[in-house]
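Asker: With the input below, show me the fold.
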Amino acid sequence: MCRFLQLLAFALSSLLLPLASAQELRPVTVASGLQNPWGLAFLPDGRMLVTERPGRLRIIGTDGKLSAPVPGLPKVDTGGQGGLLDVVLDPRFSENRLIYFSYSEPGIDADGDRANSTAVSRAQLDGNRLVDVQVIFRQMPKVSSRAHFGSRLVFSRDGKLFITLGDRFSRRDDAQTLDTHHGKVVRINPDGTVPTDNPFAGRIGALPEIWTYGHRNLQGAALHPITGELWTHEHGPQGGDELNIEIGGKNYGWPVITYGREYVIGLKIGDGTTRADVPAPLKVWIPSIAPSGMAFLTGERYPGWKGNLFVGALRGQLLVRLELDGNNVVKETRLLQDLGERIRDVREGPDGWLYLLTDSGNGKVIRLER
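Answerer: Below is the predicted model:
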């Protein structure tokens with residue numbers, strides 16, 4: 001009888017999935033007038049924090065109105081892919097009012113020339129301004145580049161902060177070394193110190209913040225709601241966007257092991273697509289969709305979709321829904337293809353709806369209703 005009930009439950013769920021997949025989605029504009037918004041975080045009082053890549057932080061009221069730029073940000077090196085990037089709240093925000101944000105920080109390189117790198121600061125949100133701003137992490141070394149900054153911020157269940165970092169484009173071979181932060185995921189304490197259980201802590205010649213390496217440009221990251229594992233995705237060059245689970249100490253291959261091709265006439269990169277010590281991606285996109293932003297759906301707003309993974313796409317101008325069986329991607333559905341928007345970020349709101357950021361000069365916050 002137990003086996004019969006299991007089969008019956010499976011059959012019923014199979015019947016429900018097509019209905020859920022076919023449900024009509026209604027994009028509702030919550031706010032507009034943002035210039036290339038990048039990251040979104042929900043405040044406990046129903047307002048939102050949104051970053052704009054040109055170097056502004058906005059607060060969106062419950063009525064959808066934008067605040068003036070929040071004062072107190074450090075200097076941001078804007079241009080190209082650089083600017084003000086992700087933003088997250090401290091897990092104890094209601095007690096300490098701390099927020100964390102990533103950005104391209106100006107500086108100089110080893111030759112004394114102008115350069116930049118991804119940095120992360122934390123600050124207290126005091127009303128509509130930032131106070132006590134502290135830099136807690138700097139990607140090193142700084143280089144002269146306008147590309148591949150990463151960068152998503154995710155707190156783990158034990159309160160550690162994961163930061164995804166790009167290879168800076170011109171320094172892609174650094175992704176295979178442990179003496180730079182290029183092409184890495186790093187893991188730090190909220191104050192910027194290094195956890196003693198990091199995989200490379202104490203190893204001579206390795207930067208102790210490194211959690212994983214061999215990455216190209218990671219612009220999506222989220223914790224699995226059941227396992228607590230960090231899932232990420234990253235841009236391939238010409239094909240080869242990847243979805244991965246970040247296992248501490250592992251090498252994810254770039255630029256030696258990749259499904260991507262060179263931009264110039266599609267020449268091969270590296271040694272192939274697989275290697276025994278490189279975790280295989282859960283999903284590869286060929287051609288590239290240029291993924292950005294990612295969220296697991298944990299609520300019941302969308303029948304049949306709980307537990308699905310949602311990924312925004314810039315080049316693809318769509319929202320990807322991935323159905324999962326454990327750690328296996330069993331189906332991909334492409335949504336909002338008629339929206340005509342580059343989707344930069346995807347978040348599940350406290351109300352259970354999915355929220356999207358569109359990357360344009362008149363960027364929007366969109367709530368995806370049905």
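
Asker: hey, let's count contacts and neighbours off CA atoms from now on
Answerer: Fine.

Asker: Pro287 and Gly240 touch, don't they?
Answerer: Yes. Using Cα atoms under 8 Å, Pro287 is in contact with Gly240, at 7.2 Å.

Asker: Looking at the two, which is more packed in?
Answerer: Shown here are Pro287 and Gly240; by other Cα atoms under 10 Å, Gly240 has more neighbours (23 against 14).

Asker: Now stretch 243-251 - C-alpha only, PDB.
Answerer: The C-alpha coordinates for stretch 243-251 follow below in PDB (Å, rounded to 0.1, in the frame of the first residue of the first chain):
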ATOM      1  CA  LEU A 243      26.000  26.100 -12.900                       C
ATOM      2  CA  ASN A 244      28.100  24.700 -10.000                       C
ATOM      3  CA  ILE A 245      28.000  23.700  -6.400                       C
ATOM      4  CA  GLU A 246      30.900  25.300  -4.600                       C
ATOM      5  CA  ILE A 247      32.800  22.600  -2.600                       C
ATOM      6  CA  GLY A 248      35.600  24.100  -0.500                       C
ATOM      7  CA  GLY A 249      39.100  23.600  -1.900                       C
ATOM      8  CA  LYS A 250      38.000  22.500  -5.300                       C
ATOM      9  CA  ASN A 251      39.300  23.700  -8.700                       C
END
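
Asker: buried stuff in that stretch?
Answerer: For stretch 243-251, a neighbour-count test (16 or more other Cα atoms under 10 Å) marks 243-246, 248, 251 as buried.

Asker: before we move on, what about stretch 153-162?
Answerer: Neighbour-count burial for stretch 153-162 flags 153-156, 160-162 (criterion: 16+ other Cα under 10 Å).

Asker: Gln81 reaches Arg146, doesn't it?
Answerer: Yes. Gln81 lies in contact with Arg146 (Cα under 8 Å); the separation is 5.8 Å.

Asker: buried set for the helix or strand harbouring Val365?
Answerer: Secondary structure assignment for Val365, by DSSP states H and E: strand 363-369. Across strand 363-369, burial judged by 16+ other Cα under 10 Å covers 363-368.

Asker: Also stretch 113-130?
Answerer: Buried residues in stretch 113-130, counted by 16+ other Cα under 10 Å: 115-125, 130.

Asker: ditto for stretch 38-51
Answerer: Buried, per 16+ other Cα under 10 Å, within stretch 38-51: 38-43, 47-51.

Asker: got a list of contacts for that stretch?
Answerer: The list of residues contacting stretch 38-51 from outside it, by Cα atoms under 8 Å, 6 or more residues apart in numbering, reads 37, 52-53, 57-62, 84-89, 94, 344-345, 347, 349-350, 357, 359.

Asker: Could you do stretch 323-330 as well?
Answerer: With Cα under 8 Å, 6+ apart as the test, stretch 323-330 has contacts from 282-283, 305, 307-309, 322, 331-332.

Asker: now stretch 267-284
Answerer: When contacts are defined by Cα under 8 Å, 6+ apart, stretch 267-284 is touched by residues 240-245, 250-253, 255-262, 327-329.

Asker: Just the buried subset of those residues, please.
Answerer: Among the contacts of stretch 267-284, those classed as buried by neighbour count (16+ other Cα under 10 Å) are 240-245, 251-253, 255-261.

Asker: What's opposite Arg122 in the beta bridge?
Answerer: Tyr100, Gln134 (DSSP bridges).

Asker: What residues sit buried inside the helix or strand harbouring Val330?
Answerer: Using DSSP H and E, Val330 falls within strand 328-335. Going by neighbour count (16+ other Cα under 10 Å), the buried part of strand 328-335 is Leu335.

Asker: Name the strands paired with it and say parallel or antiparallel.
Answerer: Paired with strand 328-335 in the same sheet, following DSSP bridges, are strand 318-325 (antiparallel).

Asker: which residues does Thr164 bridge with?
Answerer: Note on Thr164: beta-bridge partners Val185, judged by DSSP bridges.
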